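> Sequence first, then the predicted structure, then my questions.
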Amino acid sequence: MALVGWLFDAYPAEAGMAVWIAGEGGRPHRLTVLFAPIFYATGPGHVLERIPSALASAGVAADVAMTMREELLSGAALPVLQIAVSSPLAFPTAVRAVGRIPGASLFTCDLSVPQLFFAQTGLFPMGRYRVEGVDAAEGGRPVAAQAPAVTPAAFEPLSAPEDFEYALPPLVSMRLRLDGDPINPSHGRRTELEASVDGEAVVLCPDRPEDLIISLNRLIERYDPDVVLTEWGDAFLVPRLQRLARRVGVPLRWNRERHQGLRTRRERSYTTYGQTVFTAAAHMLHGRWHLDLRNSFIYGESELAGLLEIARLARLPVQYLARTSIGTAISAMQLHRAIQRGILIPWHKSEPEAFKSAEELLITDKGGLTYQPIVGLFEGVGELDFSSMYPTIMARFNVSPETMNCPCCPDAPRVPETGARLCQRRKGLVPEVLEPLLERRAYYKRRKRETAGADRALYQQRQTALKWCLVCSFGYLGYRNARFGRIEAHEATTAFSREMLLRAKEVAEPQGYRMLHALVDSMWLHRPGATCEDYDALSRTIEQATNLPIFVEGFYDWIAFLPSRTHPGLGVPNRYVGRFEDGTSKVRGIEVRRSDVPALIERTQARMLDVLFGARTVVELRAAIPQVLDILTDVIVRLRNGEVRAVDLAVTTTISRAPEDYKNNAVVAVAARQMARAGIALHPGERIQYIITDAGARLPDDRVRPLALLGPDWSCDADYYTDQVLRATETLLGPLDYSVERLEREVRASTSIIS
DNA sequence: AAAGTACGGGG
DNA sequence: GTGTACGTACTTT
């Protein structure tokens, strides 16, 4: 008697971990798996002696025993008290009880219980198992009370987390979305709810709440979905439906377990990388997943295949991972590896750190090399990019917090500029995690090129998810609150990167290439008459000189490095527009790339770019100018005639503070205050939309109107939007000597002919 | 002129 | 469970 299926979810329960297995036929099974989460404590003998009684008086059953574990930074073996807590639910209580004893130092104590479960048992999310001693024959839904308890040893693995190729269970998804899809449904009016499973869609009307709840329950009953996919489920839909269900007295059957509520996590606003982020409260289910498309960075970037790829590698439950940052996933991979290696995890107290001194700031912020590009339009330019430069450096040179300036390798070669040493004997935790990720990503990228259709999409999603892990792994190394961060490691990585980019430059220039621009891991090179093959050959030479993989990102028919707006004539690192030889294009730093630009401006500039990218040469570019001017004129006429819809004029911005905390009358501040006055609750980090009604109005409230409060008789500031369109056009035609003034003249001339 | 506000990047 | 990144563009005072 055995059950074969995929480990779908795990969370703490009364007698052990509740573990859901998605059976081969798609039927779910709930098991109870016996599990005693472990943490460690050190301290003087009299302190350790107090631990058993402290646990007992807190009402926690636990087994304690002395054992040896490794200290991360020194690598030394340390005697520690191992505390195995009998029930997963009691783990936080146990940690609190021991943590209160003065003089006790705790280790591996602040990870989530599912994380500990996966680390201690070797089981992993979405792994395929054969579970002995469980009867799957009944096929139906097992009820909690009948579920048998098994030990982790009953799980026979049929796949490994290291596998590049792996099968996944067939999952039934129910989609829930509100009609209209606004930027944030709680800012708008009530709309209809659309539920769809398996191609069947039902529209539920909010005016008859009881019917709505009953219909939703019926859908869940009939299809028994594994996944509830929502848009704005966390911020709005789920709490709203819960309230509705309570009001009409009919409970919603979200869970596969009958007597459990939803697992929630509070909403929060925080700042990161100078940006304020709002994360809605999480609403997670038992026995099925609630995934909110609009509250999941990883899902948003890499869809379900990417999410599951990372869940397997990071050993994090899917619903939790969906709502967390990539940094957390990276951290989880490192933690997992550390526990496997018997390394003690220091307690990570989130203490507010002291301000950095000016000198410290200078060191920290010296990042990758940045050149100022040579402003202008160039034909025949090659772009060479180092692939995954930072992670490759970290893996290749063994850059990790515990490998920096180790006592065991005094004669190790020095890091350029900083003179630090890197351990040559012990492989670092960070490289150990990164190396397989680099390999996996290379494999998926290759498979993506070799396949088509659904397979190609699958590999694309997986490689995208891994790309984000690699990108963030570097930032994480320098993040002072990261568990495995260390500023010297961060600095070593950027020092290597600068050294390698300089080496690449020194290889290219003697061969007659002129460096037009270079940025961290990319360089733009020009040599009259050079072909793609020449750039290919150059990249191979650079590869030899740097021992880092580099490839030709593309060969541009033409590329324009655009000038700064605030310092005309000077180049800015990330403002350029170019067409590759194969007809594709690359655009950075201009209006189409910005999320706060109204759709009208974005679409207009995109249309213009389409025209310009049809040109293979600068001569053809000049010939395309009239077409671009036609687009410009057309949009300005439509603006004047009031033919543009409000949604296309809406500016979307993230508010960085509560409406009342804004200091001046910036349009965003005025719009936010208007919304607050209308009773809409706004949190820092949320996005709002508004149109400019009269930019120059004396009364701030007349300048702008939120989209959510727009009446039927609205009007916009056509002059303001005309100016925006003109500027977006100037961005593109500037290199061809068209200023805003000249564009205005051209438009005036052509419209006077029309009228 | 100074202060306030927001955004991109990576592929 | 995450922190005053940095440089540019633009508006308001």
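Structure's in. What do you need?
> Relative to DNA strand B, which residue of chain A is the closest?
In chain A, the residue that lies nearest DNA strand B is A:Ser656 (2.8 Å; C-beta to the nearest atom of the strand). From N, CA and C alone the C-beta is placed, and that goes for glycine too.
> That residue touches A:Pro684, doesn't it?
Yes: with contact defined as C-beta atoms under 8 Å, A:Ser656 reaches A:Pro684; the gap is 6.0 Å.
> shared neighbours of the two, which are they?
A:Thr276 (C-beta atoms under 8 Å, 6 or more residues apart in numbering).
> What residues sit buried inside the helix or strand harbouring A:Glu602?
A:Glu602 is part of helix A:599-613, with elements assigned from DSSP states H and E. Neighbour-count burial for helix A:599-613 flags A:599-602, A:604-605, A:607-609, A:611-613 (criterion: 16 or more other C-beta atoms under 10 Å).
> Next: stretch A:419-436.
Using 16+ other C-beta under 10 Å as the test for burial, stretch A:419-436 gives A:420-423, A:428-436.
> Out of those residues, which is nearest to A:Gly45?
Nearest to A:Gly45 among the buried residues of stretch A:419-436, counting by C-beta to C-beta, is A:Leu429 at 30.7 Å.
> now A:Leu176, nearest residue through space, not along the chain?
In space, and not counting its chain neighbours, A:Leu176 is closest to A:Thr230: 4.5 Å by C-beta to C-beta, 6 or more residues apart in numbering.
> looking at the sheet around the one you found, what are its partners?
Here A:Thr230 sits in beta bridges with A:Leu176, A:Asp292, going by DSSP bridges.
> And the contacts of stretch A:658-668?
A:651, A:653, A:655, A:669, A:672-673, A:675-676, A:682-684, A:688, A:690, A:692, A:695, A:700, A:703-704.
> Would you mark the buried spots in that stretch?
Those would be A:659, A:662, A:667-668, for stretch A:658-668 by 16+ other C-beta under 10 Å.
> Repeat that for stretch A:45-53.
So, applying 16+ other C-beta under 10 Å, buried residues of stretch A:45-53: A:47-48, A:51.
> Adding pLDDT and distance to A:Gly261, write those residues out as a markdown table.
Output for the buried residues of stretch A:45-53, formatted as a markdown table (pLDDT from 0 to 100; distance: C-beta to C-beta, whole Å):
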| residue | pLDDT | distance to A:Gly261 |
| --- | --- | --- |
| A:Val47 | 95 | 39 |
| A:Leu48 | 96 | 39 |
| A:Ile51 | 97 | 34 |
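> any idea which of these is the one closest to A:Val4?
A:Ile51 (41.8 Å).
> okay, now the residue nearest to A:Ala61 when sequence neighbours are not counted: neighbour count?
Spatial nearest neighbour of A:Ala61, chain neighbours left out: A:Ser86 (4.1 Å); criterion: C-beta to C-beta, 6+ apart. Applying other C-beta atoms under 10 Å, we find 18 residues neighbouring A:Ser86.
> where does A:Ser86 sit relative to A:Val95, distance-wise?
For A:Ser86, the distance to A:Val95 (C-beta to C-beta, to the nearest Å) stands at 14 Å.
> Over to A:Trp468?
31 Å.
> Low-confidence bits of the stretch 401-550 of chain A, can you list those?
Residue ranges of the stretch 401-550 of chain A with pLDDT under 70: A:478-482.
> got the residue ranges for the helices in it?
Using DSSP state H, counting those that start in this stretch, the helices found in the stretch 401-550 of chain A span residues A:429-450, A:453-478, A:487-508, A:532-546.
> Which one of the buried residues of helix A:599-613 is nearest to DNA strand C?
Closest approach to DNA strand C among these (C-beta to the nearest atom of the strand): A:Ile601, at 10.6 Å.
> Do I have it right that that closest one meets A:Gln724?
Yes: judged on C-beta under 8 Å, A:Ile601 makes contact with A:Gln724 at a distance of 5.1 Å.
> for the closest residue to A:Thr604 other than its chain neighbours, helix, strand, or coil?
Using C-beta to C-beta, 6+ apart and skipping the chain neighbours, the partner closest in space to A:Thr604 is A:Val635 (5.0 Å). Following DSSP: H, G, I helix; E, B strand; the rest coil, the label given to A:Val635 is helix.
> mind listing what A:Arg657 touches?
With C-beta under 8 Å, 6+ apart, A:Arg657 has these contacts: A:276, A:684.
> sec struct for it, please.
Following three-state DSSP, A:Arg657 is assigned to coil.
> measure it to DNA strand C for me?
Counting by C-beta to the nearest atom of the strand, to the nearest Å, the gap between A:Arg657 and DNA strand C amounts to 14 Å.
> A:Gly25 - how many residues pack around it?
Applying other C-beta under 10 Å, we find 11 residues neighbouring A:Gly25.
> what does the stretch 551-700 of chain A put close to DNA strand B?
Contacts of the stretch 551-700 of chain A with DNA strand B, taken as C-beta under 7 Å from any atom of the strand, map to A:574, A:588-589, A:593-596, A:652-657, A:662-664, A:666, A:668-669.
> Measure how far the helix holding A:Glu602 is from the centre of its chain, please.
From the chain centre to the centre of helix A:599-613 is a distance of 28 Å (C-alpha atoms, centre = their mean, to the nearest Å).
> Over to stretch A:31-38?
Its chain's C-alpha centre and that of stretch A:31-38 lie 31 Å apart, by C-alpha atoms, centre = their mean.
> Endpoint to endpoint, that stretch covers what distance?
21 Å (C-alpha to C-alpha, to the nearest Å).
> What is the helix holding A:Glu602 packed up against?
Applying 3 or more C-beta pairs under 8 Å, 6 or more residues apart in numbering; DSSP states H and E, we find helix A:599-613 packed against strand A:571-580, strand A:585-588, helix A:618-640, helix A:646-649, helix A:718-733.
> Any idea which residue is closest to the centre of chain A?
With distances taken as C-alpha atoms, centre = their mean, the residue of chain A nearest its centroid is A:Phe297 (4.1 Å).
> one step back: distance to DNA strand B added to the helices of the stretch 401-550 of chain A, as JSON lines?
JSON lines is the format used below for the helices of the stretch 401-550 of chain A (distance: least, C-beta to the nearest atom of the strand, whole Å):
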{"stretch": "helix A:429-450", "distance to DNA strand B": "7"}
{"stretch": "helix A:453-478", "distance to DNA strand B": "5"}
{"stretch": "helix A:487-508", "distance to DNA strand B": "12"}
{"stretch": "helix A:532-546", "distance to DNA strand B": "14"}
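> from the buried residues of stretch A:45-53, which are also near DNA strand B?
Counting by C-beta under 7 Å from any atom of the strand, no member of those is near DNA strand B.
> Sitting in helices, which of those do you find?
Counting by DSSP state H, these place A:47-48, A:51 in helices.
> what's the closest of these to DNA strand C?
Checking these against DNA strand C with C-beta to the nearest atom of the strand, the nearest one is A:Ile51 at 23.8 Å.
> which residue sits closest to the closest one in space, ignoring its chain neighbours?
Nearest non-adjacent residue to A:Ile51, counting by C-beta to C-beta, 6+ apart: A:Val98, 5.7 Å away.
> these two touch, right, that neighbour and A:Ile83?
Yes: taking C-beta under 8 Å as the definition, A:Val98 is a contact partner of A:Ile83 at 6.8 Å.
> Between those two, which contacts overlap?
Common neighbours of A:Val98 and A:Ile83 (C-beta under 8 Å, 6+ apart) are A:39, A:41, A:51, A:55.
> Pipe the residues you listed into a markdown table and attach distance to DNA strand C and secondary structure per row.
Shown next, in a markdown table, are the shared contacts of A:Val98 and A:Ile83 (distance: C-beta to the nearest atom of the strand, whole Å; DSSP: H, G, I helix; E, B strand; the rest coil):
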| residue | distance to DNA strand C | secondary structure |
| --- | --- | --- |
| A:Phe39 | 14 | strand |
| A:Ala41 | 19 | strand |
| A:Ile51 | 24 | helix |
| A:Leu55 | 24 | helix |
